[in-house]
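Undergrad: Give me the fold of what follows.
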Amino acid sequence: MINYDKFEKALRHLALQYHNRDVLDPEQPLLIREAVDESVIQRFETCYDCLWKVLKRYLLEELGIPDVPNSPKPVIRLAGENKLFASPVDQWMAYAQARINTAHDYSGEKATDALELMDDFIRDAIRLYETMSRETWA
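TA: Predicted coordinates for the structure are as follows:
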């Protein structure tokens, strides 16, 4: 049986912090706004890492697919081939690239690009959670 707790917790924390970003008073000092954005990026990275690892287990254990790769992009492709996503695989590849970019770029430009994907990522990750866990997101 697959344990979805880490994925669920990471996704809830990401969604909460992203919401905090939306309700943050624009009059807050720049340092505070940047700190919230950085927290969203960190939570995205954690959530994405939990997501692809639990997705790998789902492909192995629930769908019985042998020889599931051990890296995010091939796992995402395989999940797309097995119709686990509500959105196109290309969108999931954009999330994968955003995860790579935020880990290797410290200029802030890639983080800004990733933040623009967060609404869609959170929505898609919730749908995937519901598909895999067979539980309704509340």
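
Undergrad: Give me the below-cutoff pLDDT ranges for the chain.
TA: Within the chain, the ranges that satisfy pLDDT under 70 run 105-107.

Undergrad: Contact partners for the spatially most central residue of it?
TA: To find the centre residue of the chain, average its C-alpha atoms and take the closest one (C-alpha atoms, centre = their mean): that gives Y48, at 3.6 Å. Taking C-beta atoms under 8 Å, 6 or more residues apart in numbering as the definition of contact, the neighbours of Y48 are P72, Y95, A96, R99, F121. The C-beta positions use only the backbone N, C-alpha and C, and glycine is treated the same way.

Undergrad: what's the spacing between it and P26?
TA: Taken as C-beta to C-beta, to the nearest Å, the spacing of Y48 relative to P26 amounts to 28 Å.

Undergrad: about what we covered before: in strands, which of the contacts of Y48 fall?
TA: Restricting those to those inside strands, with DSSP state E as the criterion, leaves an empty set.

Undergrad: for the residues you listed, which one is nearest Q42?
TA: For Q42, the closest of the contacts of Y48 turns out to be R99, at 11.5 Å, with distances computed as C-beta to C-beta.

Undergrad: I figured the closest one hits E45, correct?
TA: Yes - with contacts counted by C-beta atoms under 8 Å, R99 reaches E45, the gap being 6.1 Å.

Undergrad: Comparing these two, which residue is more hemmed in?
TA: Comparing R99 with E45 by neighbour count (other C-beta atoms under 10 Å), the higher total belongs to R99, at 23 against 17.

Undergrad: Can you tell me how far the spatially closest residue to that one that is not a sequence neighbour is from T136?
TA: By the measure of C-beta to C-beta, 6 or more residues apart in numbering, the closest residue to R99 outside its immediate chain neighbours is Y48, 4.6 Å from it. Y48 sits 22 Å away from T136, going by C-beta to C-beta.

Undergrad: related to what we said a few turns ago, out of the contacts of Y48, which is most surrounded?
TA: Of all those, the highest neighbour tally under other C-beta under 10 Å goes to F121, namely 26 neighbours.
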